[in-house]
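Asks: after the sequence you'll find the predicted model.
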Amino acid sequence: MEASHAPALRAWWRRPAPYAALLLFAADALVLEQGLLAAFLLMTVCGWLLPKALLLNKVHRDAGPTVRLALLFSVTAVAIMATIHINNHVARLRAERLIAAIDLYHASQGRYPLALEALVPRYIAAIPRAKYTLAFNQFLYHQHLSAARLGYVEVPPVLRPCFDFGQRRWHETSTISGQHSTCDRALVVVQQETMQ
């Protein structure tokens, strides 16, 4: 009996489900960064796969493949959300390092740098990427007169945390409401310029 389960299990891994899960992970965790595909996977598990497995079990049919698929999609959804969370945490830590470098530059030069590249190599070794993603992975910086702002995209394209050096605080801004803070408005222009 064990021998008959082993080929069936191996055959299951040859099916497209693991590759689909990997593709969904890459799309949501490394490109979209919104968790929408993770939510879709969990709805699929709870609304279709688990009820189907219960029904199969009730009529004494093999629910194993359905349970394995539900487990695969659940693990994929959790991995997507964990990756998004870790990337945003990394971005905030790297932003704090950039803020410290910009403050050192300001203390030394009496003004904010015109661009982040002015910090290299004296104040910071290199300008880090905000996140380990394929898109929206750069810091956004804007300096005008005596004001400076630093930000990054947390949930593309709607949520952008923005640090205002004049107010010495973070602004959490969302484009869903259509209202941008003064801090974020400057970064929207910078983001549009970098995307062109």
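Replies: Alright, I've got the coordinates.
Asks: residues contacting Leu116?
Replies: When contacts are counted by Cβ atoms under 8 Å, 6 or more residues apart in numbering, Leu116 touches 98, 127, 139, 141. For every residue, glycine as well, the C-beta is placed using N, CA and C.
Asks: the last one: which element?
Replies: Read that as Tyr141. Using DSSP states H and E, Tyr141 maps to strand 140-144.
Asks: partner strands of that strand, parallel or antiparallel?
Replies: strand 147-151 (antiparallel) (DSSP bridges).
Asks: how distant is the helix or strand just after the partner strand from the center of its chain?
Replies: Using DSSP H and E, the helix or strand that follows strand 147-151 in sequence is strand 159-164. Centre-to-centre, strand 159-164 and its host chain are 15 Å apart (Cα atoms, centre = their mean, to the nearest Å).
Asks: what bits of the protein have low per-residue confidence?
Replies: Residues of the chain that meet the criterion pLDDT under 70 lie in 1-14, 174-196.
Asks: domains of the protein?
Replies: With domains defined by automatic domain parsing, the chain comprises 2-85, 91-195.
Asks: where does Gly35 fall, phi/psi-wise?
Replies: phi 80, psi 10 (degrees, to the nearest 10).
Asks: whoops, Ala125 was the one
Replies: phi -60, psi -40.
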